[in-house]
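> give me a model of this one.
(one chain, ligands or ions: 2)
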Amino acid sequence: MGQESSSAAPTGRQAPASGPVRFKDRASRQMSGPAVVPPYPSRVDLHTHSRRSDGVLEPSDLVAAAAAAGVRVLGLADHDTLAGVRELYAPGMPDLPLDLVPAVEINSVAPGIESLWEGELHVVGLGVDPSDDAFEAALELQRRSRSIRFGMIVARLRELGLPIDAGVGSLALAPGSSLGRPQIARLLVQAGHALSVDAAMEGLLARGQPAYVRRQGLGPRDAIAAIRAAGGLPVLAHFADAPTRRDLIADLIAAGLGGLEVHYRHFDAATVTEMAALAAVLRLVPTGGSDYHGDGESYAAAHAALFVPDEDAVALFAALGRAAPTPSTARAAAR
Ligand SMILES: [Zn+2]
Ligand SMILES: [Zn+2]
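Ligands and ions are numbered 1, 2, ... in the order given. Model (predicted):
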């Protein structure tokens, strides 16, 4: 706690007694105000994770679950890898039941920017080219940093008498997968060292805690530039402080930021309204998604709490210069 901006909430709504609730981490993502009530089941989800990073579902199972829930445009945004996207597009794979948006999420490190959760800004690159060699090289470096960090945390846990080495040995990751703390948290639960993934993320593994190791990797401007160079739209993810940090957002726009995650599953209704207004004023493409990872919930359960309007997908496709959405998407957008 205490890492967030202390600036006042910009709206007239009553702030909770503990101060403005902002996205911080897995356990405190829940916003305090009334939740968004989806006017229709979302046909768009532009932010999900598979087992190629720190999600739990295989990419094909995630696609199937999303399609079954009614999603027609899906962004697979694994951390620092397009491995899942490339697998889904591989020759011999069945036709996808939805429109897949190739994406990545880069947790950029921003030590020079004050009052950020864990010192990070998360940038989702939507519509990046999965065959761009320079981008893949940049992601490979990111994954190497993740792997080193992962090893350092595992070693730290061993020193603390909380070994998870047996679990690490049985991870059986597909090529191009990236490692992160949620995988460590799951291994801690498996080994009986933590009660839940959230408890491990909030406790032992959180910044300032005994098993925390600082992240290394791209800064926000470099992440944005890399995504642009790969033909993608850089989107600032789940940053509910955006309305109170206009100077920072202006800097990021100058660096090439093109979108703002407005319809984020864990934002309350008032936050979504604020973020939508900000995106409109700044001419940022509004996007949204579930940020589904799969710990303790099915995709269907996550989807039930999600609302991303069809218009977000239409605006995204326009920004990417992509041809008209597929017939299924066009049908959705026409409703
Ligand atoms: Zn994120
Ligand atoms: Zn995410």
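
> export stretch 184-191 to PDB, keeping only CA atoms.
The C-alpha trace of stretch 184-191 is given here as PDB (Å, rounded to 0.1, in the frame of the first residue of the first chain):
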ATOM      1  CA  ILE A 184       5.300 -18.600  -8.700                       C
ATOM      2  CA  ALA A 185       2.300 -17.700  -6.700                       C
ATOM      3  CA  ARG A 186       0.500 -20.900  -8.000                       C
ATOM      4  CA  LEU A 187       3.600 -23.000  -7.100                       C
ATOM      5  CA  LEU A 188       3.600 -21.500  -3.600                       C
ATOM      6  CA  VAL A 189       0.000 -22.600  -3.200                       C
ATOM      7  CA  GLN A 190       0.700 -26.000  -4.600                       C
ATOM      8  CA  ALA A 191       3.600 -26.400  -2.200                       C
END
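
> now it: mean pLDDT?
Stretch 184-191 shows a mean pLDDT of 96.

> could you do stretch 123-143 as well?
98.

> is ligand 2 within reach of it?
No: judged by Cβ under 5 Å from the ion, stretch 123-143 stays clear of ligand 2, getting no closer than 7.2 Å. C-beta here means a position set from N, CA and C on the backbone, and glycine is covered the same way.

> so for that stretch, what gets flagged as buried?
Residues of stretch 123-143 classed as buried: 123-128, 130, 132, 135-136, 138-139, 142-143 (neighbour count, 16 or more other Cβ atoms under 10 Å).

> then stretch 222-229?
222-228.

> looking at these, which are in helices?
222-228 (DSSP state H).

> quick one: contacts for the nearest residue to residue 232 once chain neighbours are set aside?
Leaving out its chain neighbours, the residue that sits closest to residue 232 by Cβ to Cβ, 6 or more residues apart in numbering is residue 128, at 3.5 Å. Contact criterion Cβ atoms under 8 Å, 6 or more residues apart in numbering gives 82, 102-104, 135, 227, 230-232 as the residues in contact with residue 128.

> restricted to strands, list the residues you listed.
102-104 (DSSP state E).

> taking the buried residues of stretch 123-143 one by one, which sit in strands?
Filtering the buried residues of stretch 123-143 for strands - DSSP E - leaves 123-126.

> report the two of these separated the most.
123 and 126 (10.2 Å; Cβ to Cβ).

> intersection of neighbour lists for those two?
residue 235.

> show me which of the ones in strands among the contacts of residue 128 is closest to residue 167.
residue 104 (25.9 Å).

> partner residues bridging the nearest residue to the closest one once chain neighbours are set aside?
In this structure, residue 104 finds its nearest non-sequential neighbour in residue 125, 5.1 Å apart by Cβ to Cβ, 6+ apart. Beta-bridge partners for residue 125, by DSSP bridges, are residue 104, residue 234.

> residue 125 reaches residue 229, doesn't it?
No: counting by Cβ atoms under 8 Å, residue 125 sits too far from residue 229 to count as a contact (10.1 Å).

> just to be sure, residue 106 is in a strand?
Yes: under DSSP: H, G, I helix; E, B strand; the rest coil, residue 106 falls within a strand.

> show me the contacts for it.
79-80, 122-125, 142, 217-218, 223, 226-227.

> ok, for whatever residue of the chain ends up closest to ligand 1, nearest residue in space, not its chain neighbours?
Here the chain gets closest to ligand 1 at one residue, residue 122, 3.6 Å apart by Cβ to the ion. Among residues not flanking residue 122 along the chain, residue 237 sits closest, at 4.1 Å (Cβ to Cβ, 6+ apart).
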